[in-house]
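Peer 1: Turn this into a model:
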Amino acid sequence: MKDNDDTTLLAARVREAYEQAAPVEIIGGGTRRALGRAPMGAPLSVAGHTGIVAYDPSEFVVTVRAGTPIAALEEILAREGQVLTVDVPRFGASSTIGGAVAVGLTGPGRPYTGALRDAVLGARLVSGTGEVVRFGGQVLKNVAGFDVSRLMVGAYGTLGLLLDVSLRTARRPEAQAVVRLDQDWPTARAALRRWESALPLTGASYAGGVLHVRLAGLAARVAQARAVVGGEVGDSGVFTDLRDLRGTFFERPGDLWRLMVPPESPWDPEDTVIDWAGAQRFWRVRGDATAVYELAARLRGQAMRLFGADRSMGPWAAPPPAAMALMTRVKAALDPRGILNRGRLYPDW
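Peer 2: All right, here's what the predicted structure looks like:
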């Protein structure tokens, strides 16, 4: 992997854009450009800003530049018998760490190993004025009392151009097994309730009358869990496809939504995939989004639009006025002229 520090160049480009009040679209590997609203501005690539800034395996922390491909980072960690602590989705070979943090999605392991936000320990970024600031710096650390490094997760690049990020790592599991069980969803959910606190689960998904369970950890414990779960040997590719939103289900026509709901929530809609042992539901919908938001509200959950033909619709519904006012204050402090990925998350934001 090439080691290349483009900090000076990127900061200069943002500073110039700030002075001209000219929006820029931050692009890494380009694999996530279809997510969110269509942003305004001239493309500004961070794909050449690559490499490991610091990595001490004994500390279980790696600091990596934002343009680094996820696959390249994983290869380096594998040499030390380590992995990232979370499932990081990628939508192609060029998917970068910076893009993953910007969108903030976490794969099937989310209920068991935590969210991507939990794995972020710090960051260095270029603010909307072109200033290079490390996480925890006096200027940014205290913006509305938030930890800015974690604010970057899921901000779609609207709060700063990410230069590098520090992430937690973990030992690679000794063993992993995927099990398939043919059963209805109520039976599957009841089994998952029994297993969740007792077995080394790292994934549980359900679709088309089939439950897939992923186990990982010490070899002896995985073997014991395998005996408890029963079923047949499953395809590990199920969880890779689910992590990366690929395969037959995700390629069907219609808008792709994800609903985060209580795991015990009933589920009537067809054309769905259940993940996170019930807490995440992927739903293919054609037409008006009203039905999606109504269902999410009825289930006391939240809806997020992932992909669709209408790029004027953002990933999230507009937050309540008080929350939007607070978010706008943070945005104004970090990007006062609104030049970074303008419109990607909310209109003119």
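
Peer 1: Would you mind pulling up the elements that the longest strand along the chain packs against?
Peer 2: Counting by DSSP state E, the longest strand found in the chain is strand 161-171. The contact analysis (3 or more Cβ pairs under 8 Å, 6 or more residues apart in numbering; DSSP states H and E) places strand 161-171 against helix 7-20, strand 61-65, strand 82-84, helix 97-103, helix 116-119, strand 120-126. For glycine as for every other residue, the C-beta is placed from the backbone atoms N, C-alpha and C.

Peer 1: hmm, 7 Å instead?
Peer 2: Where contact means 3 or more Cβ pairs under 7 Å, 6 or more residues apart in numbering; DSSP states H and E, strand 161-171 is packed against helix 7-20, strand 61-65, strand 82-84, helix 97-103, strand 120-126.

Peer 1: Tell me what the residue lying closest to Trp185 once chain neighbours are set aside is bridged to.
Peer 2: Nearest non-adjacent residue to Trp185, counting by Cβ to Cβ, 6 or more residues apart in numbering: Tyr206, 5.8 Å away. On the basis of DSSP bridges, Tyr206 is bridged to Leu211, Ile274.

Peer 1: What's the separation between Tyr206 and Ala100?
Peer 2: 25 Å (Cβ to Cβ, to the nearest Å).

Peer 1: So these two - more neighbours on which side?
Peer 2: More crowded of Tyr206 and Ala100, by other Cβ atoms under 10 Å: Ala100, with 28 against 24.

Peer 1: The more buried one: what's it in contact with?
Peer 2: Contacts for Ala100 (Cβ atoms under 7 Å, 6 or more residues apart in numbering) come out as 70, 88-89, 116.

Peer 1: what does Ile26 give?
Peer 2: The contact partners of Ile26, taken as Cβ under 7 Å, 6+ apart, are 44, 46, 157, 161, 340-341.

Peer 1: Please apply the same query to Lys2.
Peer 2: If a contact means Cβ under 7 Å, 6+ apart, then Lys2 has 50-51 as its contacts.

Peer 1: what secondary structure does it sit in?
Peer 2: coil (DSSP: H, G, I helix; E, B strand; the rest coil).

Peer 1: for this protein, which spans come out with low pLDDT?
Peer 2: Counting by pLDDT under 70, the chain contains low-confidence residues at 136-146.

Peer 1: That one - how does it break down into domains?
Peer 2: Split into domains by automatic domain parsing, the chain comes to 7-171+325-334, 175-307.

Peer 1: any idea how far Pro111 is from Glu196?
Peer 2: Distance of Glu196 to Pro111, computed by Cβ to Cβ: 8 Å.

Peer 1: More neighbours: which of the two?
Peer 2: Legend: neighbour count by other Cβ under 10 Å for Glu196 and Pro111, higher for Pro111 (21 against 14).

Peer 1: wouldn't the more buried one be in contact with Gly278 here?
Peer 2: No. Shown here, Pro111 and Gly278 do not form a contact pair, counting by Cβ atoms under 7 Å, at 9.3 Å.

Peer 1: The residue lying closest to Val228 once chain neighbours are set aside: neighbour count?
Peer 2: Nearest non-adjacent residue to Val228, counting by Cβ to Cβ, 6+ apart: Leu199, 6.4 Å away. Using other Cβ under 10 Å, Leu199 is surrounded by 19 other residues.

Peer 1: same thing with Ser166?
Peer 2: Ser166, neighbours per other Cβ under 10 Å, totals 19.

Peer 1: Equivalent analysis for Gly28, please.
Peer 2: Neighbours of Gly28 (other Cβ under 10 Å): 27.

Peer 1: list the contacts for it?
Peer 2: Contact analysis of Gly28 by Cβ under 7 Å, 6+ apart lists 46-47, 66-67, 96, 98-99.

Peer 1: Give the ChimeraX command for selecting the buried subset of the residues you listed.
Peer 2: Filtering the contacts of Gly28 down to the buried ones (16 or more other Cβ atoms under 10 Å) takes a single ChimeraX command:
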select :46,47,66,67,96,98,99
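
Peer 1: Let me know the closest of the contacts of Gly28 to Lys331.
Peer 2: Gly98 (18.9 Å; Cβ to Cβ).

Peer 1: Show me the contact partners of stretch 115-132.
Peer 2: By Cβ under 7 Å, 6+ apart, stretch 115-132 touches 7, 10-11, 14-15, 18, 61, 84-86, 88, 100-101, 104, 106, 133-136, 149-150, 152-153, 160-168, 334-337, 339-340.

Peer 1: Now a ChimeraX select for only the buried ones of those.
Peer 2: Buried residues within the contacts of stretch 115-132, by 16+ other Cβ under 10 Å, are selected in ChimeraX with:
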select :10,11,14,15,18,61,84,85,86,88,100,101,104,106,133,134,135,149,150,152,153,160,161,162,163,164,165,166,167,168,334,335,337,339,340
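
Peer 1: three-state assignment of Ala190?
Peer 2: Strictly by three-state DSSP, Ala190 counts as helix.

Peer 1: Now do the buried residues in stretch 172-185.
Peer 2: Buried positions in stretch 172-185, judged by neighbour count with 16+ other Cβ under 10 Å: 173, 175-179, 181.

Peer 1: so of the residues you listed, which ones are in strands?
Peer 2: Among the buried residues of stretch 172-185, DSSP E puts 175-179, 181 in strands.

Peer 1: TSV for the residues you listed, including distance to Pro23?
Peer 2: Output for these, formatted as TSV (distance: Cβ to Cβ, whole Å):
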residue	distance to Pro23
Ala175	49
Gln176	44
Ala177	48
Val178	44
Val179	49
Leu181	50
